[in-house]
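Visitor: Coordinates only, no sequence provided:
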């Protein structure tokens, strides 16, 4: 009986470790996405600086527009990278959700199985205690002296 409970505890511990690893993975992905947004924000700041230079140096406008176009292409590429990463994060969140649902179902199944085993074990113990009580009652009845008849 304790072996089954220990086995269940080991399995629950393994589930908790899996959830911790998944949580760590999701946190790392979130940090990566945050870093990418910082890079995009830096690029936008650089573009703003470039536009100010274009206003101050009108004679270099053609060359600056080419540079701005190149920067926008880089930003588009980065946005595409961010979009792909978001899709990956969404997919991983879906996987985590499925894993959690699966673990919940398994835990409920295991608990039901354990409850059935415990109920059967308790029923067996109740029957054995009943048998033991009957034997003790028989033993006590044999050891007690017979009751005296009531006085007239």
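Guide: In hand now; what should we look at? Remember, it's a predicted structure, so these values are computed and weren't measured experimentally.
Visitor: what's the weakest-modelled helix or strand in this structure?
Guide: Least confident helix or strand, the chain: helix 2-56 with a mean of 83, by mean pLDDT, DSSP states H and E.
Visitor: Contact partners for residue 26?
Guide: Contact analysis of residue 26 by Cβ atoms under 8 Å, 6 or more residues apart in numbering lists 89, 92, 93, 96. Where C-beta positions appear, they are placed from N, C-alpha and C, glycine not excepted.
Visitor: Check the gap between it and residue 8 for me.
Guide: In this view, residue 26 and residue 8 are 27 Å apart by Cβ to Cβ, to the nearest Å.
Visitor: Determine the longest helix present in the protein.
Guide: helix 61-143 (DSSP state H).
Visitor: can you tell me which residue is nearest the centre of this structure?
Guide: Nearest to the mean C-alpha position of the chain, by Cα atoms, centre = their mean, lies residue 19 at 3.6 Å.
Visitor: thought that residue was touching residue 103?
Guide: Yes. Residue 19 is within contact range of residue 103, at 7.3 Å (criterion: Cβ atoms under 8 Å).
Visitor: Please report the distance of the nearest residue to residue 71 once chain neighbours are set aside from residue 61.
Guide: Distances taken as Cβ to Cβ, 6 or more residues apart in numbering put residue 47 closest to residue 71, at 5.5 Å, once the chain neighbours are dropped. Taking Cβ to Cβ as the measure, residue 47 falls 15 Å from residue 61.
Visitor: what about these two, which has more around it?
Guide: When residue 47 and residue 61 are compared for neighbours, residue 47 comes out ahead with 15 against 11, by other Cβ atoms under 10 Å.
Visitor: Now do the more buried one against residue 60, distance only.
Guide: Using Cβ to Cβ, we find residue 47 at a distance of 16 Å from residue 60.
Visitor: OK, contacts around the closest residue to residue 40 other than its chain neighbours?
Guide: Spatial nearest neighbour of residue 40, chain neighbours left out: residue 78 (5.6 Å); criterion: Cβ to Cβ, 6+ apart. Residues near residue 78 by Cβ under 8 Å, 6+ apart: 36, 39, 40, 43.
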